[in-house]
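Trainee: quick check, what structure comes out for this input:
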Amino acid sequence: MSTSPSIQCRDYGQLPDGRTVHEYLLDNGAGLRLSAISYGGIVNGLWVPDRSGRAANVVLGFDALDDYVQRNEAHFGVIAGRYANRIAGGRFCLDGQTHQLDRNDGPNTLHGGAHGFGTQLWQAEPAPPAPGEAVALRLRYTSAAGEQGFPGCLRVQVRYSLGTDLSWRITYEAETDAPTLVNLTHHDYFNLAGQGSALGHELCIPASRYSEVGPGLIPLRHAEVAGTPFDFRTAQPVEARIRQPHAQLRIAKGYDHNWLLDHALDGRLHLAARLRDPASGRCMEILSSEPALQFYSGNWLDGSLSGFGGQAYRQGDGLCLETQHSPDSPNRAVSEDWPSTVLRPGEIYRSSTLHRFTV
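Mentor: Predicted coordinates for the structure are as follows:
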């Protein structure tokens, strides 16, 4: 039944330092609902109808704030930044100066360090919906110069909006007072069935090349997907080739790689991935202005994390499709394959990703 669009806010809990975390429930009035908390900008619920009109939560997460604070090493639902994905050695050189970052993934930096954006308290408030939108939520965070080793004071704004159709859009903006790096994404684990394994989902990624990785999953080179288990240019069940004896699958214990999308980097939205659950009929298209996509098949979920309702999350129970710039870009010469992730004073970082659901 159609209802009026709405946003509800409630206290979700308190951080160890006493600050209050709020939860916002966005309802577009047409069957799509999204729940987000101000801690980490975490999306802890996304309810999408199936072919029979029954809604299910299609993202993984926890029931309580303490779980997100104490044991979210899997980065369930967070805004990942200041630099999403990995930087080799946790080190980069900018304008002749070397910067050492917090290393939280062996010798490397992952998702901005141990206290990246996904662990920070954001300021959140309802925002006026734009044309075609039903409801919107604005989140703001100021990252101080030197936070996790990054230079420059970075002011970030992230906007979640639900369309009048079954769509969820994320818009990112950032400004800095000194040259720095920015690469933002969202780290949701999707399961369009709402429970069980997602490895039977059919995945399409319009990309002719992917990044081969070495130790620590740092890219070594870009390679053609043709003739490999990494060719998702036509839809394939994720489980169809994940156990093949391919060296790259062994290194990552499944898929945890970056795909270079075939579209132009022109600031417009282009198809980045399509995911479909044959059983429920739910289909999700991801469109983005970003040049690349990290596909992670939940390889390190081993049953030790208890999520919603106490369910144990196991390998493949959720799939991450992270729109981004390529990992370790700051340590590569800028080129068409490695576009710059540097932001300078006076510039505005802008990025947008749309999740469009159909049945």
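Trainee: neighbouring contacts of the lowest-mean-pLDDT helix or strand in the chain?
Mentor: Of all the helices and strands that make up the chain, strand 302-306 has the lowest average by mean pLDDT, DSSP states H and E, namely a mean of 95. With contact meaning Cβ atoms under 8 Å, 6 or more residues apart in numbering, strand 302-306 is reached by Arg71, Ala74, Ala312, Tyr313, Arg314, Gln315. All C-beta spots, glycine's among them, are computed from the backbone N, C-alpha and C.
Trainee: tell me the pLDDT at the first one?
Mentor: If I follow you right, that is Arg71. Note on Arg71: pLDDT of 96.
Trainee: and what of the last one?
Mentor: Model confidence at Gln315, given as pLDDT, is 97.
Trainee: just the C-alphas of stretch 308-328, formatted as PDB.
Mentor: Taking C-alpha atoms only, stretch 308-328 is exported to PDB below (Å, rounded to 0.1, in the frame of the first residue of the first chain):
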ATOM      1  CA  PHE A 308      20.500  -9.500  12.600                       C
ATOM      2  CA  GLY A 309      18.400 -11.900  14.800                       C
ATOM      3  CA  GLY A 310      21.500 -13.800  15.800                       C
ATOM      4  CA  GLN A 311      22.200 -15.300  12.400                       C
ATOM      5  CA  ALA A 312      25.800 -16.300  11.900                       C
ATOM      6  CA  TYR A 313      27.300 -14.700   8.800                       C
ATOM      7  CA  ARG A 314      29.300 -17.100   6.600                       C
ATOM      8  CA  GLN A 315      31.400 -16.800   3.500                       C
ATOM      9  CA  GLY A 316      29.200 -15.500   0.600                       C
ATOM     10  CA  ASP A 317      26.200 -14.500   2.800                       C
ATOM     11  CA  GLY A 318      26.700 -10.900   1.500                       C
ATOM     12  CA  LEU A 319      28.300  -9.400  -1.600                       C
ATOM     13  CA  CYS A 320      30.000  -5.900  -1.600                       C
ATOM     14  CA  LEU A 321      30.000  -3.800  -4.800                       C
ATOM     15  CA  GLU A 322      32.000  -0.700  -4.000                       C
ATOM     16  CA  THR A 323      32.200   2.100  -6.600                       C
ATOM     17  CA  GLN A 324      35.500   3.800  -6.300                       C
ATOM     18  CA  HIS A 325      38.900   4.800  -7.700                       C
ATOM     19  CA  SER A 326      41.300   2.000  -8.000                       C
ATOM     20  CA  PRO A 327      43.200   0.800  -4.900                       C
ATOM     21  CA  ASP A 328      46.700   2.300  -4.300                       C
END
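Trainee: what is the end-to-end distance of stretch 59-76?
Mentor: Distance across stretch 59-76, first residue to last, is 9 Å (Cα to Cα, to the nearest Å).
Trainee: pull the distance from that stretch to the chain's centre.
Mentor: 15 Å (Cα atoms, centre = their mean, to the nearest Å).
Trainee: same question, stretch 328-343
Mentor: 20 Å.
Trainee: check stretch 287-305 too.
Mentor: Averaging C-alpha positions (Cα atoms, centre = their mean) puts stretch 287-305 7 Å from its chain's average.
Trainee: now do that stretch: distance from first to last residue.
Mentor: Start-to-end, stretch 287-305 (Cα to Cα) is 30 Å.
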